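Trainee: after the sequence you'll find the predicted model.
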Amino acid sequence: MAETYSKMAQYYDKIYAEKDYAAEVERLVAILGDGRGRRRSLLDVACGTGRHLESLRDSFDVEGLDICAEALDDARKRNPGVVFHVADMTNFDLGRTFDVVTCLFSSIGYVKTLDRLRAAVRSMAAHLNPEGVLVVEPWFTPGEWRPNTVHAVYIDEPELKIARVNTSLVEGRLSILEMHYLVGTPEGTEHLVERHELGLFEVDEMISAVEGEGLVVTYDREGLSGRGLYLGRKAGRRGR
Ligand SMILES: C[S@@+](CC[C@H](N)C(=O)[O-])C[C@H]1O[C@@H](n2cnc3c(N)ncnc32)[C@H](O)[C@@H]1O
């Protein structure tokens, strides 16, 4: 996914211009409650171009991580002074821990398989402080996914036209999104194709991956954007 994503990374924010990151962060901050007077640390895993971090950094000391270096270039421009790590969420070690670790906008789906889901949750949970919270916004469950449906997004600016069209498909427990982009600029028009494959996990599979790391799980069916939200709280006592 990294190399295909990187081709379109420059247009990612335009494609998702309608997504209200600030409102989602407001909901997340309300869910996480106040830090009892203490400013908390937060790692956003698969942070992409850093749009959640842009708002999260008002309330937390933040760092970001993503497998795509091009997306992190944009994240750095948007969030000067914030530390970003190029790493794979299924296997990373930053040598420090955080009060909150997030993985938002269904990025967890890119792990594709249950084994890799468990590996990603293991890596993220290993970066939690005692009493820390893991927050995972899931992709669709097998029952929610609607294969053989057609979708399109259009960008219409004076010097940039994009049509992104895809037919959503399914292969076993993988959802397949083959995104066809027609990108028109004053230099010319090109056709790019990106294949995204995301694993379809059941609610109980997500819960058991988080519980398997010893975290106490809460599942909120609505979450930040209607896709649901898993919270996994680590036991123990924070140093005071
Ligand atoms: C849908 S985007 C979400 C980005 C960001 N969280 C947001 O809300 O805009 C999915 C992100 O997951 C990242 N990603 C995919 N596989 C990854 C992996 N194995 N490790 C880390 N990041 C990954 C992609 O590079 C991409 O930035």
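Mentor: Thanks, I have the structure now.

Trainee: residue 137 is in contact with residue 223, correct?
Mentor: Yes: counting by CB atoms under 8 Å, residue 137 is a contact partner of residue 223 at 5.9 Å. Using the backbone N, CA and C atoms, a C-beta is placed for each residue, glycine as well.

Trainee: now do the shared contacts for those two.
Mentor: residue 229 (CB atoms under 8 Å, 6 or more residues apart in numbering).

Trainee: on the three-state scheme, the residue in the chain positioned nearest to the ligand is what?
Mentor: Residue nearest to the ligand within the chain: residue 48 (2.6 Å; CB to the nearest ligand atom). Using DSSP: H, G, I helix; E, B strand; the rest coil, the structure places residue 48 in coil.

Trainee: burial count for it?
Mentor: For residue 48, the tally of surrounding residues (other CB atoms under 10 Å) stands at 23.

Trainee: once you drop chain neighbours, what's closest to it?
Mentor: Leaving aside its chain neighbours, residue 48 sits nearest to residue 71 (4.9 Å; criterion: CB to CB, 6 or more residues apart in numbering).

Trainee: isn't there a helix covering that neighbour?
Mentor: Yes: assigned with three-state DSSP, residue 71 falls within a helix.

Trainee: offset the numbering so it begins at 6, please.
Mentor: All set: I'll call the first residue 6, so the last point we hit is now residue 76.

Trainee: beyond the least confident helix or strand in the chain by mean pLDDT, next helix or strand please.
Mentor: Taking mean pLDDT, DSSP states H and E as the measure, the chain has helix 7-13 as its least confident helix or strand, at a mean of 57. Toward the C-terminal end, the helix or strand that comes next after helix 7-13 (DSSP states H and E) is helix 17-20.

Trainee: would you map the strands across the chain?
Mentor: 45-50, 65-71, 88-91, 103-108, 133-141, 154-162, 165-176, 179-190, 193-204, 221-225, 234-238 (DSSP state E).

Trainee: tell me how far the first one lies from the chain's centre.
Mentor: Read that as strand 45-50. 13 Å (CA atoms, centre = their mean, to the nearest Å).

Trainee: could you do the last one as well?
Mentor: Going by CA atoms, centre = their mean, the spacing between the C-alpha centre of strand 234-238 and its chain's C-alpha centre is 14 Å.

Trainee: what does the chain put close to the ligand?
Mentor: 6-7, 10, 51-53, 56-57, 71-73, 76, 93-95, 109-110, 112, 115 (CB under 6 Å from any ligand atom).

Trainee: tell me who's in contact with residue 238.
Mentor: 136-139, 220-221, 223.

Trainee: what's the burial count for the spatially closest residue to it that is not a sequence neighbour?
Mentor: Distance criterion CB to CB, 6+ apart; nearest residue to residue 238, sequence neighbours excluded, is residue 221 at 4.8 Å. Using other CB under 10 Å, residue 221 has 12 neighbouring residues.

Trainee: can I assume residue 221 is in contact with residue 237?
Mentor: Yes: counting by CB under 8 Å, residue 237 is a contact partner of residue 221 at 6.9 Å.

Trainee: dump the strands of the chain into CSV; add mean pLDDT as well.
Mentor: Below are the strands of the chain laid out as CSV (pLDDT from 0 to 100):
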stretch, mean pLDDT
strand 45-50, 98
strand 65-71, 98
strand 88-91, 98
strand 103-108, 98
strand 133-141, 97
strand 154-162, 97
strand 165-176, 97
strand 179-190, 96
strand 193-204, 95
strand 221-225, 98
strand 234-238, 98
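
Trainee: re the thing from before, can you say which of the contacts of residue 238 are buried?
Mentor: 137-139, 220 (16 or more other CB atoms under 10 Å).

Trainee: and which of the residues you listed is nearest residue 192?
Mentor: residue 139 (44.0 Å; CB to CB).

Trainee: OK, contacts around residue 243?
Mentor: Contacts of residue 243 by CB under 8 Å, 6+ apart are 104, 134-136.
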